[in-house]
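Please work out how this folds:
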Amino acid sequence: MMPVTAFIALGSNLDDPERQVGAALRELAALPRTRLLRASSLYRSAPVGYLDQPDFVNAVAAIETGLDPRELLGQLLAIERRHGRVREFPNAPRTLDLDIALYGDLVLHEPGLAIPHPRMRERAFVIVPLAEIAPDAVVPGRGRAADLLRDVDASSVARITGVTT
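Got it, this is the predicted structure:
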């Protein structure tokens, strides 16, 4: 399989979220047949859905991978499990959340896997870091990340300064 550029959305709000996201970025770089191309800055964002929880730390990583989408998803879920991810209820606090935001220009809707991520265009905590590292990345059927950035309310997202991933 030819390598594909994919974008992974990362988020954490438990157990030292900045450390969780930094460690996950290193684990993405170590995946088989995969290399980390770029990682965004870290961003602090307000929770969505279930509001009675700490703010999140978010980032987006660009990877080049020879893993197919299901293999990649399996690897991401394994990383989440290693970080103690528990799925108590939708939008619950979490040690680590890894989502395939984009996988080349693939559009896929299968049980347990939707690409592009179905709510990414509404979520500033994904669009802001995506536009930082890949403003020309195209969300199929929606347009360029830089254009989507203009249409999203980014008031709840702030770059974390003084932190390196």
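
Tell me where this structure has helices.
17-29, 69-82, 124-133, 145-150 (DSSP state H).

What residues of the shortest one count as buried?
For helix 145-150, the buried set under the neighbour-count rule, 16 or more other C-beta atoms under 10 Å, comprises 145, 148, 149. Just so you know, the C-beta spots here come from the backbone N, C-alpha and C atoms, and that holds for glycine as well.

what's in contact with it?
The contact list for helix 145-150 (C-beta atoms under 8 Å, 6 or more residues apart in numbering) reads 121, 127, 128, 130, 131, 134, 135, 136, 137, 138, 139, 142.

between those residues, which is closest to residue 14?
Using C-beta to C-beta, residue 128 comes nearest to residue 14 of the contacts of helix 145-150, at 21.5 Å.

ok so, going back, can the buried residues of helix 145-150 go into a markdown table with extra columns for pLDDT?
Converted to a markdown table, the buried residues of helix 145-150 look like this (pLDDT from 0 to 100):
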| residue | pLDDT |
| --- | --- |
| 145 | 97 |
| 148 | 95 |
| 149 | 94 |
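
still on that earlier bit, separate out the buried members of the contacts of helix 145-150.
For the contacts of helix 145-150, buried by 16+ other C-beta under 10 Å: 121, 127, 128, 130, 131, 134, 137, 138, 139.

sorry, back to before: I'd like the buried residues of helix 145-150 as TSV, with distance to residue 15 appended.
Converted to TSV, the buried residues of helix 145-150 look like this (distance: C-beta to C-beta, whole Å):
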residue	distance to residue 15
145	30
148	31
149	30
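
So which of these is the closest to residue 8?
residue 145 (14.2 Å).

any idea how far that closest one is from residue 135?
Per C-beta to C-beta, to the nearest Å, residue 145 is found 5 Å from residue 135.

residues touching the residue sitting furthest away from the middle of the chain, list them.
The centre of the chain is farthest from one residue, residue 1, which by C-alpha atoms, centre = their mean lies 23.2 Å away. Contact analysis of residue 1 by C-beta under 8 Å, 6+ apart lists 66, 68.
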